[in-house]
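Colleague: sequence unknown, structure follows:
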């Protein structure tokens, strides 16, 4: 989920329309997924009437504004607001309507995965980490609407925002979420390998047709075993993880006086228990780069850059757990940096 400040000049493009790498220039476009339902105004209005009541009861489709919000590649997100809001009302006058979509990768084979999502979303809302939730219904949620910008390269030079980003990650990792604690990330890699290279009989023809020489000449099974050994060597604790902790999911909100408000972390759809070190990777890979710059991603950050960031994280963990946290060598800054460096190759 990603809400842009009013006035964005980016072109709205459906992910299904992407046909080349040039189409992925995030400086010029914002991606969405799936077609907008023709009755979306009626859907949003009815949801607000059912779950918010108050001023919404008197509204019609002519007295509200509904528009597609960019981002949300798993779900569809819509802004819904009353055109003439009652600013003294305790009922939200504008909301974000989140409609569940099909996930590209599922966290488990369980039929109740969306139940896990609801549990996680409620907990991060209550802990003031993620979007505030007003209502939950069978196929989505009503959330607080935030005017914001994303945590990009300019925000990385703001010490206040950087501090909050890494303290929020510490608070996420400290959460005791009542969902399955099995970490099956490596099992998923093996499942994908089996599906692509053993079950899919056409894969060699596809690789040859597209001249994928690296994949044709690489022993993928050996690569998977190499990754497995790296993970064991990292000795990274299992914690509740966001699993997609990147700049586009960190919303720098706009406060009442138009200055930077608190950072809201969104898109917990892939939240699960996993290796601590992995949650640092996506964000640190983007550090110091524009969203559209992919020339040097994947290289570990210099220690002089990453150490102050991890010190913020460790300090917040100590605030949460006490001195016993830092007394354990596995939670030292050096150990976490080593985890991050190893996970960069995953």
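Modeller: Looks like it arrived, so ask away. Nothing here was measured: the structure is a model prediction, and the numbers come from that model.
Colleague: only C-alpha atoms from now on, for both contacts and neighbour counts.
Modeller: Noted.
Colleague: helix, strand, or coil at residue 78?
Modeller: strand (DSSP: H, G, I helix; E, B strand; the rest coil).
Colleague: now it: how far from residue 208?
Modeller: 42 Å (CA to CA, to the nearest Å).
Colleague: which one of these two has more residues nearby?
Modeller: residue 78 (25 against 12; other CA atoms under 10 Å).
Colleague: run a quick neighbour tally on residue 235.
Modeller: Count around residue 235 with other CA under 10 Å applied: 16.
Colleague: and it, what does it touch?
Modeller: residue 339 (CA atoms under 8 Å, 6 or more residues apart in numbering).
Colleague: recalculate using a threshold of 10 Å.
Modeller: 275, 276, 277, 330, 335, 336, 338, 339 (CA atoms under 10 Å, 6 or more residues apart in numbering).
Colleague: identify the residues contacting the last one.
Modeller: Same thing as residue 339. Residues in contact with residue 339 (CA under 10 Å, 6+ apart) are 230-231, 233-237, 275-278, 280-281, 330, 333.
Colleague: now the helix or strand encompassing residue 284: how far from the chain's centre is it?
Modeller: Residue 284 belongs to helix 281-286 when elements are defined using DSSP states H and E. Centroid separation for helix 281-286 versus its chain: 12 Å, with CA atoms, centre = their mean, to the nearest Å.
Colleague: could you shift the numbering so residue one becomes 112, and keep it that way?
Modeller: In the new numbering, first residue 112, that becomes helix 392-397.
Colleague: which strands or helices does that helix pack on?
Modeller: Helices and strands touching helix 392-397, by 3 or more CA pairs under 10 Å, 6 or more residues apart in numbering; DSSP states H and E, are helix 414-432, helix 444-454.
Colleague: state the mean pLDDT of that helix.
Modeller: Taken as a whole, helix 392-397 has an average pLDDT of 88.
Colleague: thinking again about what came up before, which one (most neighbours) among the contacts of residue 450?
Modeller: Result: residue 392 is most packed of these (other CA under 10 Å), 27 neighbours.
Colleague: endpoint to endpoint, stretch 234-243 covers what distance?
Modeller: 10 Å.
Colleague: still on that earlier bit, can I get the contacts of residue 346 in TSV including distance to residue 159 and pLDDT?
Modeller: Formatted as TSV, those follow (distance: CA to CA, whole Å; pLDDT from 0 to 100):
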residue	distance to residue 159	pLDDT
386	39	93
387	38	95
388	40	92
441	48	97
446	48	96
447	45	96
449	48	92
450	45	92
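Colleague: return the member of these nearest to residue 298.
Modeller: residue 386 (13.6 Å; CA to CA).
Colleague: wait, doesn't that closest one sit right on residue 349?
Modeller: Yes: contact criterion CA atoms under 10 Å: residue 386 and residue 349 qualify, at 4.7 Å.
Colleague: need the overlap of contacts for the two.
Modeller: With CA under 10 Å, 6+ apart as the test, residue 386 and residue 349 both reach 284, 294.
Colleague: in three-state terms, label residue 373 for me.
Modeller: Going by three-state DSSP: residue 373 is strand.
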